[in-house]
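J.: what would the 3D arrangement of this be:
(one chain, ligands or ions: 1)
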Amino acid sequence: MPSVRQLFLSHIAQTSDLSLGLEIDKAEGIYIYDIEGKKYFDLNSGISVSSLGHRHPYVIEAINKQLEKHLHTMVYGEHIQQSQVAFAKLLTDNLDDSLNSVYFFMSGTEVIEAAMKLSKRATERYAIIACRNAYHGSTQGAESLRSDHAYSQAFLPLVPGIKHITFNSEEELLHITEKTAAVIIEPVQAEAGVIVPTNNYLKKVRERCTEVGALMVLDEIQTGFGRTGFLFAYRKYGIVPDILCVGKAMGGGMPIGAMICDKKLMQAFTKSPVLGHITTFGGHPVSCAAGHGNLKALTELQIVDDVLDKEKLFRKLLVHPIIKEVRSSGLMMAVELTKRKYLKHVVAHTMELGAIVDFFLFNNRSFRLAPPLVISHDEIKKACELLLAACTFAEAKYTS
Ligand SMILES: Cc1ncc(COP(=O)(O)O)c(C=O)c1O
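T.: Here you go, the predicted structure:
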């Protein structure tokens, strides 16, 4: 009889030869348990998904209630489904007035695709500006936004009309012109290794977009729902985008994403052509119920209020000879090591010691820390002890 691991390797698509291969039994709160009963601190939240920890009671209760009522009934936007409407209302109540209309999807990359289409349709322009070292998803349009052409070569031809600028470079804002349909940008560059905006950069992007009539599309798929210490990072950095893209932590562990903008802009999908964008499963009632429970917990339990204090504690504790710097925005953190060679040892040994951290797509000197926002101060202290022990282990590898 083949083991589950062997069946996994035979029948589940593999995206690299270096899979983490952790065989999951269950997950609760900030912990994941493998089939041997070993307990791990989840210091990644499934890449910024499980911000409330795993199986938060608000989310589980909301899912159970919805299960008693109905699952899927009809493609998105055709039937009036209470869980969708209630979630859209709660969500928009927590946003600025111009972000009042929600289009639900199942994943982040679909949200980006829709934002690209909506921008083209609404501005009647086709040029799109994205930032170097940004990741916006893996479907054709979103993937075309990737600046690493060595990677994209394998998937040519890409969507035309896309140019790249360097995040935080003010001079390069001049590439945003009257021909630009949209600037698609993250408030904090995630996969580049947590690069925070400096010198009011996002305000300057906002101003330039307004000046030339381009739409500012903010990808908050990783930063949204409290990750940076604000419910949404656009508030932290003092701007309001034309289109807000959210996903990941939005569903409390269930798949959901959304493109949010002003109703007038969203109507570009309603006519000429009618059904400008459609989806069968977007806004699935169970995901919407989970998302509602998730947002209710975040706001009612004031979970976001402590995030900046927790960030400070991490930063205070993560001091070690092989740690060069910690970059962070709330509990979205990159720990940069003095030498690249240490990285794989720190990540692997952290896992042996019972905590899960991860690599970034476009930074090979730093590891990612994005723990559930509900992690306690004591748990942060214990987690940091493990991380520092892993650093000492990696350092010793090269000094013995
Ligand atoms: C900033 C950002 N945008 C978009 C995406 C794509 O989201 P998804 O994987 O849900 O398609 C990701 C995923 O990592 C992301 O980090």
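J.: helix or strand: which one has residue 266?
T.: For residue 266, the enclosing helix or strand under DSSP states H and E is helix 263-266.
J.: what does that helix rub up against?
T.: Defining contact as CB atoms under 8 Å, 6 or more residues apart in numbering, one finds that helix 263-266 is touched by 100-101, 103, 118, 122, 215, 242-243. (C-beta placed from N, C-alpha, C; glycine too.)
J.: run the contact check for stretch 220-227 versus the ligand.
T.: Yes - Stretch 220-227 comes into contact with the ligand (CB under 6 Å from any ligand atom), by way of 221-222.
J.: related to what we said a few turns ago, could I have the helix holding residue 266 exported to PDB, CA atoms only?
T.: This file holds the C-alpha atoms of helix 263-266, laid out as PDB (Å, rounded to 0.1, in the frame of the first residue of the first chain):
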ATOM      1  CA  LYS A 263     -20.000  51.700  -8.400                       C
ATOM      2  CA  LYS A 264     -19.600  54.000 -11.400                       C
ATOM      3  CA  LEU A 265     -16.300  52.400 -12.300                       C
ATOM      4  CA  MET A 266     -17.600  48.900 -11.700                       C
END
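J.: quick one: mean pLDDT for it?
T.: Looking at helix 263-266 alone, the average pLDDT works out to 98.
J.: repeat for stretch 224-236
T.: The average pLDDT for stretch 224-236 rounds to 98.
J.: starting at the chain centroid, how far to the longest helix seen in the chain?
T.: Using DSSP state H, we find that the single longest helix of the chain is helix 377-399. A distance of 26 Å separates the C-alpha centroid of helix 377-399 from that of its chain, computed with CA atoms, centre = their mean, to the nearest Å.
J.: now stretch 100-108
T.: Centroid separation for stretch 100-108 versus its chain: 14 Å, with CA atoms, centre = their mean.
J.: which residues touch that stretch?
T.: For stretch 100-108, the surrounding residues in contact (CB under 8 Å, 6+ apart) are 76, 84, 87-88, 91-92, 111, 114, 136-137, 219, 221, 245, 247-248, 255-263, 265-266, 269, 277, 279, 281-284, 287-288.
J.: end-to-end on it?
T.: End-to-end span of stretch 100-108 (CA to CA, to the nearest Å): 19 Å.
J.: also stretch 228-246?
T.: Using CA to CA, one end of stretch 228-246 lies 14 Å from the other.
J.: quick one: that stretch to chain centroid distance?
T.: Mean-position distance between stretch 228-246 and its chain equals 13 Å (CA atoms, centre = their mean).
J.: how about stretch 34-53?
T.: Going by CA atoms, centre = their mean, where stretch 34-53 is centred and where its chain is centred differ by 16 Å.
J.: next one: stretch 325-343
T.: Using CA atoms, centre = their mean, the distance between the centre of stretch 325-343 and that of its chain works out at 18 Å.
J.: buried set for it?
T.: Buried positions in stretch 325-343, judged by neighbour count with 16 or more other CB atoms under 10 Å: 326-337, 342-343.
J.: turn the residues you listed into CSV, columns for distance to the ligand and secondary structure.
T.: Compiled in CSV, those are given as follows (distance: CB to the nearest ligand atom, whole Å; DSSP: H, G, I helix; E, B strand; the rest coil):
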residue, distance to the ligand, secondary structure
326, 20, strand
327, 16, strand
328, 16, strand
329, 13, strand
330, 15, coil
331, 15, coil
332, 10, strand
333, 15, strand
334, 13, strand
335, 18, strand
336, 19, strand
337, 22, strand
342, 25, helix
343, 19, helix
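J.: from residue 255, how far off is the residue nearest to residue 94 when sequence neighbours are not counted?
T.: What sits nearest to residue 94 in space, not counting adjacent residues and going by CB to CB, 6 or more residues apart in numbering, is residue 231, at 6.0 Å. When CB to CB, to the nearest Å is the yardstick, residue 231 and residue 255 sit 21 Å from each other.
J.: try residue 392
T.: 39 Å.
J.: those two: who's more crowded?
T.: For residue 392 and residue 255, the more surrounded residue by other CB atoms under 10 Å is residue 255, and the numbers stand at 20 against 15.
J.: ok, that one touching residue 287?
T.: Yes - between residue 255 and residue 287 there is a contact at 5.8 Å, judged by CB atoms under 8 Å.
J.: what's the spacing between residue 79 and the ligand?
T.: Computed with CB to the nearest ligand atom, to the nearest Å, the distance linking residue 79 and the ligand is 25 Å.
J.: give me the residues contacting stretch 375-389.
T.: Residues from elsewhere that reach stretch 375-389 (CB under 8 Å, 6+ apart): 30, 41, 43, 53, 310, 313-314, 317-318, 320, 331, 335, 346, 349-350, 353-355, 357, 369, 371.
J.: show the average pLDDT along that stretch.
T.: Regarding stretch 375-389, the rounded mean pLDDT is 98.
J.: same deal with stretch 141-154?
T.: For stretch 141-154, mean pLDDT rounds to 91.
J.: and the residue of the chain at minimum distance from the ligand, what pLDDT?
T.: Across the chain, no residue is closer to the ligand than residue 108, which sits at 2.3 Å (CB to the nearest ligand atom). Looking at residue 108, its pLDDT is 98.
J.: sorry, back to before: pull out the buried positions in the longest helix of the chain.
T.: Of the residues in helix 377-399, those scored as buried under the neighbour-count criterion (16+ other CB under 10 Å) are 379-380, 383-384, 386-391, 393-395.
J.: one more: stretch 193-202?
T.: Counting neighbours by 16+ other CB under 10 Å, one finds that the buried residues in stretch 193-202 are 193-197, 201-202.
J.: kindly report the same for stretch 204-224.
T.: By neighbour count, with 16+ other CB under 10 Å as the criterion, the buried positions of stretch 204-224 are 205-206, 208-209, 212, 214-224.
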